[in-house]
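# How does the following fold in three dimensions:
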Amino acid sequence: MGKLVSFKNLKELQKLPLNRFNRWVEGIYESGKQDGIDFISQETVAEVGENELYNILLSVKGIGPVRAMQVMRKLISEDWEVCDESQT
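Sure thing, here's the model as predicted:
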């Protein structure tokens with residue numbers, strides 16, 4: 001993977017006021033979050049398998065067994081829906 005931010009972009013980002021920088025970062029976060037939501041579905045859980053999905057979740061830095069089980073329950077539950085930030 002190449003450089004995601006060039007030196008020129010870094011200098012431009014350093015000059016941004018804090019509020020504009022926060023909005024820029026939030027935009028990146030929301031874009032990634034939406035990409036993840038679009039990718040994950042009930043069919044994806046069924047295709048991958050519960051054990052494999054659990055192991056994938058455990059391989060993510062910062063996700064332990066408890067959080068992995070919470071995510072698994074949410075993905076497998078019948079009333080699966082995207083949760084908002086207050087639920088995480």
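# Can you give me the buried ones in the helix or strand encompassing Glu30?
In this structure, Glu30 sits in helix 18-39 according to DSSP states H and E. Buried residues in helix 18-39, counted by 16 or more other Cβ atoms under 10 Å: none are found. Any C-beta I mention is one placed from the backbone N, CA and C, and that applies to glycine too.
# Output it as CSV, restricted to C-alpha atoms.
C-alpha atoms of helix 18-39 as CSV (Å, rounded to 0.1, in the frame of the first residue of the first chain):
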residue,chain,number,x,y,z
LEU,A,18,-9.4,22.0,14.9
ASN,A,19,-13.2,22.0,14.0
ARG,A,20,-12.5,21.5,10.2
PHE,A,21,-9.9,18.8,11.0
ASN,A,22,-12.4,17.0,13.2
ARG,A,23,-15.0,17.1,10.5
TRP,A,24,-12.5,15.7,8.0
VAL,A,25,-11.6,12.8,10.3
GLU,A,26,-15.3,12.2,11.1
GLY,A,27,-16.0,12.0,7.3
ILE,A,28,-13.3,9.4,6.9
TYR,A,29,-14.7,7.4,9.9
GLU,A,30,-18.3,7.6,8.6
SER,A,31,-17.2,6.5,5.1
GLY,A,32,-15.4,3.5,6.6
LYS,A,33,-18.3,2.7,8.9
GLN,A,34,-20.8,2.8,6.0
ASP,A,35,-18.5,0.6,3.9
GLY,A,36,-18.5,-1.9,6.7
ILE,A,37,-22.3,-1.8,7.1
ASP,A,38,-22.8,-2.3,3.4
PHE,A,39,-20.4,-5.3,3.5
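# what's the next secondary structure element after the helix or strand bottoming out on mean pLDDT in the chain?
Ranked by mean pLDDT, DSSP states H and E, the weakest helix or strand in the chain is helix 42-48, scoring a mean of 66. As assigned by DSSP H and E, the chain's next helix or strand after helix 42-48 is helix 50-58.
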